[in-house]
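Peer 1: Sequence first, predicted coordinates after that:
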Amino acid sequence: MRPLSLLVLLAVGTTVLAADPDKDGFVPMFNGKDLSGWVNVNTHPGTFFVKDGMIITTGKPTGYLRTDKQYENFVAEFDWMHIPPKPGAVGNSGFFVWADPIPAVGTGYTRGIEVQVLVNLTYKNKKGEITATSQGDLFSIWGATCVPDRPHPDGWARCLPKEDHCKGENEWNHYRVEAKDGRITLAVNGHEVSGVSKCNPWKGYLALESEGSECRFKNLKIKELPTSNPKPQEVADEDKGFKSLFDGLDLDGWEYYVPPGYSSDPKWQVRGEHLIADGTNYLTTKKTFGKCELVFDWKVPAKTAEPKVVVSVGGKMHDVTLPEGGKAGGWHRATLKGETGPAPIQFLPANGLGIMNVFARELK
């Protein structure tokens, strides 16, 4: 039997060796074998997978895979390649910087700064000016803010690259993302092309985006830099243990409860990564929850006579109405707590009701 001190030394030594930086100070973000260190936030279990040393996303549904820890100042490098469904088709993905742990209201994406990962698409405004490219744009999304290095033709908080260096579909590209003190720069295949500054937040999670088509990532590595001690309002939300209950593609994990006297025909559908109510059946989780907290986004048609959603949590019914200043026809976020249980979470139907971003966490 080894002395305790030696066991501790060996354990510590193993940890240090596993995280040893290379000669340039980088450590792997991906072990090449599985998704250890990453969290599937809101997509189907098969949306992100590992094959031949790559993280691959199918692109369906829209959503993201994030790191399990936050980063502040760093240099990250990775290779990416789009495999569009047919030649010339758009390939869309992204690398999110300083992201939140769950999506922003009414979208499958997070607040943060997006490093565009795109092929076969260029947008122009009515004047014929380019407003978005496949060459490495940087921009803020869903409530984050930033200032682009160069003014955008339409005034967007988006930096268009000064040069074109991205390769096309079925070819590997190399990105180097440097982030420090709220500033991000992007180098594409060895050429710095874009930059944004005065970002908020400027500490948070890093993430890979799923958006419509297959994209492959490999050789992901990162070098963390010393902290600049951001203020609390400059830091993204911390993970609170919420787990997604809806995968954006199907009703796996859900079933119907048919009230007495009502039709047993299923009436809930998955459309556009949303749960859509169209009948009289309750949509209920197969899993039961004790004391828990539920977060979800909901929307009803603009002309709904009584804009609300009825939800059962912990065996208790809750009427969720519009927040102050909120309007029917838009997305709203609700947070409910179940104090008893165990009981399933249930959504009662209402014509035109849409539900998305369904997350729950167990409470002690």
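Peer 2: The structure has been received and is ready for your questions. Numbers count the residues shown, from 1 in each chain.
Peer 1: G330 - how many residues pack around it?
Peer 2: For G330, the count of nearby residues is 12 (other CB atoms under 10 Å). Glycine gets a C-beta too; all of them are placed from N, C-alpha and C.
Peer 1: who does the residue lying closest to it once chain neighbours are set aside bridge with?
Peer 2: With CB to CB, 6 or more residues apart in numbering as the criterion, G330 has its nearest non-adjacent residue at 6.4 Å, and that residue is K299. Here K299 sits in beta bridges with G354, going by DSSP bridges.
Peer 1: K299: neighbouring residues, count only.
Peer 2: 21.
Peer 1: What residues does it make contact with?
Peer 2: By CB atoms under 8 Å, 6 or more residues apart in numbering, the contact list for K299 reads 106, 329-332, 353-354.
Peer 1: Next, work out how far apart it and P323 are.
Peer 2: Relative to P323, K299 is positioned 13 Å away (criterion: CB to CB, to the nearest Å).
Peer 1: do Y64 as well
Peer 2: Summarising the geometry, the distance separating Y64 from P323, computed by CB to CB, is 26 Å.
Peer 1: Please apply the same query to G112.
Peer 2: Applying CB to CB to G112 and P323 gives a distance of 24 Å.
Peer 1: quick one, which of those two is more surrounded?
Peer 2: Regarding G112 and P323, a neighbour count based on other CB under 10 Å identifies G112 as having more, with 29 against 10.
Peer 1: So what pairs up with that one in the strands?
Peer 2: Applying DSSP bridges to G112 gives these bridge partners: I141.
Peer 1: correct me, but it touches W98?
Peer 2: Yes. With contact defined as CB atoms under 8 Å, G112 and W98 form a contacting pair (5.1 Å).
Peer 1: which residues are common contacts for these two?
Peer 2: Shared between the contact lists of G112 and W98 (criterion: CB under 8 Å, 6+ apart) are residues 144, 201, 204-205, 236.
Peer 1: Just the buried ones out of these, please.
Peer 2: Buried by 16 or more other CB atoms under 10 Å: 144, 201, 204-205, 236, out of these.
Peer 1: Which of those residues sits closest to K243?
Peer 2: When the buried ones among the shared contacts of G112 and W98 are compared for distance to K243 (CB to CB), Y205 comes out closest, at 15.5 Å.
Peer 1: And for R176, the neighbour number?
Peer 2: Using other CB under 10 Å, R176 is surrounded by 16 other residues.
Peer 1: Walk me through the domains of the protein.
Peer 2: 24-239, 254-362 (automatic domain parsing).
Peer 1: Pull up the gap between K303 and E293, please.
Peer 2: To E293, K303 is 32 Å away according to CB to CB.
Peer 1: Tell me how far stretch 350-363 lies from the chain's centre.
Peer 2: Remark: stretch 350-363 is offset 17 Å from the chain centroid, using CA atoms, centre = their mean, to the nearest Å.
Peer 1: list the buried ones in that stretch?
Peer 2: 350, 352-360.
Peer 1: Mind exporting the C-alpha coordinates of that stretch to CSV?
Peer 2: Coordinates of the C-alpha atoms in stretch 350-363 are reproduced here as CSV (Å, rounded to 0.1, in the frame of the first residue of the first chain):
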residue,chain,number,x,y,z
ALA,A,350,-54.5,26.7,-26.3
ASN,A,351,-55.1,27.6,-29.9
GLY,A,352,-51.9,28.8,-31.5
LEU,A,353,-49.8,28.4,-28.3
GLY,A,354,-46.1,28.0,-29.0
ILE,A,355,-43.5,26.8,-26.4
MET,A,356,-39.7,26.7,-26.7
ASN,A,357,-36.6,26.7,-24.5
VAL,A,358,-38.0,24.4,-21.9
PHE,A,359,-35.5,23.9,-19.0
ALA,A,360,-35.9,22.5,-15.5
ARG,A,361,-33.6,22.0,-12.5
GLU,A,362,-34.1,20.0,-9.3
LEU,A,363,-34.1,22.1,-6.1
